[in-house]
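Visitor: sequence isn't available, so here's the structure alone:
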Ligand SMILES: *Cc1c(COP(=O)(O)O)cnc(C)c1O
């Protein structure tokens, strides 16, 4: 079906950059450097200076970024097999796959209904003597970071790893004990994804690790390159998880526009907020005194028993919607044996959430029109 407002049209996302992308691709093609080299190094420098994280390592994708961080901490002797990593129950499955892949135990914690991110008031009781880290996920682009999280992490000497796949460019705004800082530079290490649908998307798979820890940076870089510290000398049983120069070149074109892209997302979110007005539709919180949101997704809630009908009626109106995510990781078949406490908010919201179009491809006026359709929708 040809929708007037598709959920996300990646061709339209990249159209404004097409000439520059072609020129960058040609530069790589003619360079003769197809693994590593100046494009990757330049992109790593750009990303480090943008986020303020001293070390940036380009890697193959967002899942690998998180896997490499956790594996590196194991090689460094910080984590051991079976150690527990706390994560928010409402996340994309990649956050959890990274934890289990490293031989660590994922411990889901329920979310705060307003932010849809981890409920930091539940952190203290989730910590055991095996807990070594908290993976905080800035889901839908909203920074998941507060004083409680920092306090619990400090008290129990936990590493804080950010899953920053959806939140590049988002900041903490608090003037409290820390200054405004970019997501990705808040914790001990962060994984970024440049999957094509993300706010800054490559033209294929790509990702990055950010950290202020030089030893971690060195270990991640080595693990991503067969575990070698110099040519043909392998100190770890590593992987091949490098960032391709062609994707680095694409990302060098797009990264400088991230703040403008995120500002456009904010404007569309504001148009939704100003337009949509009905009792049975709950909108995401628009502002938070402490943290920023870069609106990777605009996630509304409708009554669970009418969500299917809502999405069908929207499609009839020519508007694409999606669900992020219908089945939380702990309810996926692959985690059937995962032990966990009650995750009632996550499970309830999973049946109510619907994502509206928010990416490039719809204008602010389009968002207002979509909002008007929702106001009169019979579902
Ligand atoms: C996209 C995403 C990932 C994984 O990134 P890939 O590049 O697709 O591997 C991890 N976590 C979250 C929250 C994501 O949205």
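Guide: Noted; the coordinates are in hand. Note that the structure is predicted; figures quoted are calculated from it, not measured.
Visitor: pLDDT value on the closest residue to the ligand within the stretch 251-379 of the chain, please?
Guide: Closest residue of the stretch 251-379 of the chain to the ligand, C-beta to the nearest ligand atom: residue 296 (7.5 Å). For glycine as for every other residue, the C-beta is placed from the backbone atoms N, C-alpha and C. Predicted confidence (pLDDT) at residue 296: the value is 98.
Visitor: now residue 185
Guide: pLDDT for residue 185: 96.
Visitor: ok, and what's touching the longest strand anywhere in the chain?
Guide: If you go by DSSP state E, the chain has its longest strand at strand 131-137. Strand 131-137 has contacts (C-beta atoms under 8 Å, 6 or more residues apart in numbering) with 66, 70, 73, 78-79, 83-88, 91-92, 95, 98-99, 104, 107, 117-118, 123, 144-145, 149, 152-153, 156, 158-163, 165-166, 187.
Visitor: just give the nearest non-adjacent residue to the residue in the chain that the ligand sits nearest to, would you?
Guide: Scanning the chain for the residue nearest the ligand gives residue 62, at 2.4 Å (criterion: C-beta to the nearest ligand atom). In space, and not counting its chain neighbours, residue 62 is closest to residue 193: 2.5 Å by C-beta to C-beta, 6 or more residues apart in numbering.
Visitor: buried residues in the helix or strand hosting residue 18?
Guide: Residue 18 is part of helix 18-31 when elements are defined by DSSP states H and E. By neighbour count on 16 or more other C-beta atoms under 10 Å, the buried set for helix 18-31 is 20-21, 24, 28.
Visitor: which helix is the longest one in the protein?
Guide: helix 258-275 (DSSP state H).
Visitor: other SSEs contacting that helix?
Guide: Packing contacts for helix 258-275, counted by 3 or more C-beta pairs under 8 Å, 6 or more residues apart in numbering; DSSP states H and E, involve strand 298-301, helix 364-376.
Visitor: go with 6 Å
Guide: Counting contacts by 3 or more C-beta pairs under 6 Å, 6 or more residues apart in numbering; DSSP states H and E, helix 258-275 is packed against helix 364-376.
Visitor: contacts only, for residue 45.
Guide: When contacts are counted by C-beta atoms under 6 Å, 6 or more residues apart in numbering, residue 45 touches no other residue.
Visitor: which parts of the helix or strand where it lies are buried?
Guide: Using DSSP H and E, residue 45 maps to helix 38-51. Residues 39-40, 43-44, 46-48, 50-51 are the ones in helix 38-51 that count as buried (16+ other C-beta under 10 Å).
Visitor: next, the angle helix 18-31 makes with it.
Guide: 140 degrees (axes from the mean of the first three to the mean of the last three C-alpha atoms, to 10 degrees).
Visitor: and the angle for helix 38-51 with helix 258-275?
Guide: Computed by the same axes, to 10 degrees, the angle separating helix 38-51 from helix 258-275 equals 50 degrees.
Visitor: helix or strand right after helix 38-51?
Guide: With DSSP H and E, the next secondary element past helix 38-51 is strand 55-59.
Visitor: that next one: how far from the chain's middle?
Guide: 16 Å (C-alpha atoms, centre = their mean, to the nearest Å).
Visitor: ok, back up a step: how about TSV for the buried residues of helix 18-31, with distance to residue 264 and pLDDT added?
Guide: As requested, those are arranged in TSV below (distance: C-beta to C-beta, whole Å; pLDDT from 0 to 100):
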residue	distance to residue 264	pLDDT
20	18	98
21	19	98
24	22	98
28	28	98
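Visitor: now do the next helix or strand after the longest strand of the chain, average pLDDT.
Guide: Where DSSP H and E defines the elements, the next helix or strand beyond strand 131-137 is helix 147-155. For helix 147-155, the mean pLDDT works out to 96.
Visitor: which parts of helix 147-155 are buried?
Guide: Neighbour-count burial for helix 147-155 [16+ other C-beta under 10 Å]: 149-150, 152-153.
Visitor: got it, and stretch 193-200?
Guide: Of all the residues in stretch 193-200, those buried under the rule 16+ other C-beta under 10 Å are 193-196, 198-200.
Visitor: right, I'll leave it there.
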